[in-house]
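# Predicted coordinates and the sequence they were generated for:
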Amino acid sequence: MATTVGVTGMTCEHCVASVTEEISAYAGVTNVAVALEPGGVSQVTVTSLEPIDPANLDAAIRDAGYQLA
């Protein structure tokens with residue numbers, strides 16, 4: 001199952017690594033792919049074994065220091 005969300009505030013590969021690390025910590029997540037758009041809305045696609053609770057996804061992104069678009 002894949003879920004794609006827009007994330008604002010990401011500007012570099014360190015941002016990508018932070019978001020990827022936070023989201024990957026959730027059980028069932030098998031892949032996190034980020035299409036970085038510095039200064040814009042980056043697209044984050046999360047592949048998981050089961051649907052991810054949107055609140056958990058939002059919390060992971062906020063924990064990394066960013067927010068959903």
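Thanks, I have the structure now. It should be emphasised that the depicted structure is a prediction, and the values quoted were computed from it without experimental measurement.

# And the helices in this structure?
Ranges of helices in the chain, per DSSP state H, are 13-24, 54-63.

# if you compare the ones you listed, which one is most tucked away?
Of all the helices of the chain, helix 13-24 carries the top mean neighbour count, a mean of 17, counting by mean count of other C-beta atoms under 10 Å. To be clear about C-beta, it is placed using only N, CA and C from the backbone, and glycine gets the same treatment.

# Contacts for it, please.
7, 9-10, 29, 32, 34, 36, 42, 44, 46, 57, 60-61, 63-66 (C-beta atoms under 8 Å, 6 or more residues apart in numbering).

# How about stretch 62-69?
For stretch 62-69, using C-beta under 8 Å, 6+ apart, the contacting residues are 5-10, 15, 18-19, 21-23, 41, 57-58, 61.

# Which two among those are spaced furthest apart?
Glu21 and Val41 (20.3 Å; C-beta to C-beta).

# ok, the closest residue to Gly40 other than its chain neighbours to Glu50 distance?
Residue nearest to Gly40 in three dimensions, not counting chain neighbours: Thr8, with 7.7 Å by C-beta to C-beta, 6 or more residues apart in numbering. Plainly put, Thr8 is 27 Å away from Glu50 if you go by C-beta to C-beta, to the nearest Å.
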